[in-house]
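Chemist: the following block contains a protein sequence and its predicted model.
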Amino acid sequence: MNKANSSIAKHSLEEAADWLIRQQEAPLTNEEKAQLKQWQDASQENTHAWQLAQRLMGHVDRLPKDVAAAVLNRPEDEGRRIAIGKLALLLAAGPTLWGGYKAIEVQQWTADYRTAKGEFQKITLPDGSMVKLNTATAFDMTFNSRSRLLSLREGEIEIHTGQVDPQQFGPFLIQTQEGTLTALGKRLTVRQCDGFTQLAAIEGQVQVTPKLAQNNEVITIKSGHQAQMSNLALLSSQLISPATTAWLNQMLAAHDMPLKQFAEEVSRYRKGYLRVSPEIQNLLVSGAFPTSNTDTIINMLTHTYPIKAKHHLGGYWVTLEPT
């Protein structure tokens with residue numbers, strides 16, 4: 001993509017993706033065509049976003065073969081709906097490589113342990129430790145006499161360390177993109193976020209060492225506290241919030257969370273794309289929601305707040321709009 005494309009506002013790209021999906025689902029009515037033209041003329045960014053959408057559709061051959069074939073195959077089946085949804089996601093993502101959308105998926109499925117989106121799993125490690133994997137999580141394991149190491153590629157885990165012979169197993173370490181954690185207690189959670197690591201020391205202390213900290217500084221997080229760590233330093237430390245550990249009960253807890261941020265959290269558990277219209281992105285959401293069924297979460301939102309949900313592609317693409 002050129003520099004002009006990289007400067008297009010994300011909301012224009014998302015709206016263009018919305019129109020792309022509507023156009024692919026069925027021929028636009030005259031009224032819808034007029035609405036599309038009006039939207040394009042509303043701003044230069046909208047015009048550029050739609051031009052990019054058309055170029056994307058005109059270069060389907062550059063997409064992975066499984067996606068391109070399903071897009072070109074007109075019968076309305078689940079495979080085609082998902083393919084169009086993936087294609088629209090590429091557009092809404094902005095200036096990214098078209099072929100790179102599978103990078104996370106590949107990373108996840110080559111890990112030692114993994115869960116898919118919406119999946120929750122419990123496993124027992126060779127030392128008797130128990131690990132819970134939240135949605136879309138992947139980690140590798142290296143156990144030897146020097147250490148017990150989990151390398152968290154993505155997602156979120158809870159670790160309940162087992163009682164072991166120190167001569168057989170070394171310390172329990174968790175490596176993230178930002179640094180290394182050492183479990184000194186029995187129970188902790190770790191989440192790999194975008195640009196930082198979030199952890200909660202539920203039972204016992206946790207030592208953290210940011211990757212680029214001066215003099216390999218080691219920081220101790222007290223039991224009952226949670227923290228965020230960058231690759232340079234500790235960003236914050238406070239008492240554990242119920243929202244941090246709600247996932248252990250397969251719940252999503254929110255307190256005055258902006259709707260856009262809330263939708264991003266829901267999207268961790270939902271296959272497809274959940275978009276929020278700019279007009280309601282800052283609407284504050286509170287409550288407890290079941291992560292086992294994201295359709296229920298959307299229904300709860302529409303019954304509690306002045307929100308309506310527009311469904312496309314059999315629910316693969318959902319847009320939250322003001323009522």
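Modeler: Yes, it's here.
Chemist: got the end-to-end distance for stretch 308-318?
Modeler: End-to-end distance for stretch 308-318, by CA to CA, to the nearest Å: 10 Å.
Chemist: and that stretch, which residues are buried?
Modeler: 312-313, 315-318 (16 or more other CB atoms under 10 Å). The C-beta positions use only the backbone N, C-alpha and C, and glycine is treated the same way.
Chemist: sheet partners, orientation included, of the longest strand seen in the chain?
Modeler: Identified as the longest strand of the chain according to DSSP state E is strand 148-160. Applying DSSP bridges, strand 148-160 is found paired with strand 130-133 (antiparallel), strand 138-143 (antiparallel), strand 172-175 (parallel), strand 187-192 (antiparallel).
Chemist: quick one: the residue nearest the centre of the chain and Ala116, what's the gap?
Modeler: Compute the mean C-alpha point of the chain, and by CA atoms, centre = their mean the closest residue is Arg268, 4.1 Å away. Distance, Arg268 to Ala116, by CB to CB, to the nearest Å: 12 Å.
Chemist: for Glu14, same thing?
Modeler: Distance, Glu14 to Ala116, by CB to CB: 25 Å.
Chemist: higher neighbour count, the two?
Modeler: Comparing Glu14 with Ala116 by other CB atoms under 10 Å, the one with more neighbours is Glu14, at 22 against 14.
Chemist: specify the local secondary structure of that one.
Modeler: Put simply, Glu14 is helix when judged by DSSP: H, G, I helix; E, B strand; the rest coil.
Chemist: now do it against Glu264, distance only.
Modeler: Using CB to CB, Glu14 is found at 13 Å from Glu264.
Chemist: Asn299 now?
Modeler: Applying CB to CB, the value for Asn299 to Glu264 is 19 Å.
Chemist: what's next to stretch 283-298, contact-wise?
Modeler: Stretch 283-298 has contacts (CB atoms under 8 Å, 6 or more residues apart in numbering) with 118, 120, 135, 246-247, 250-259, 262, 266, 269-270, 274, 300-301, 304-307, 309, 315, 318, 320.
Chemist: the helices in the stretch 151-300 of the chain, which residues?
Modeler: Applying DSSP state H, counting those that start in this stretch to the stretch 151-300 of the chain gives helices spanning 242-245, 259-267, 294-304.
Chemist: and of those, who's closest to Glu217?
Modeler: Closest approach to Glu217 among the helices of the stretch 151-300 of the chain (CB to CB): helix 242-245, 23.9 Å.
Chemist: which stretches of the stretch 201-323 of the chain have low pLDDT?
Modeler: Counting by pLDDT under 70, the stretch 201-323 of the chain has no low-confidence residues at all.
Chemist: for the strands paired with strand 148-160, which has the smallest mean pLDDT value?
Modeler: Note on the strands paired with strand 148-160: lowest mean pLDDT is at strand 138-143, with a mean of 93.
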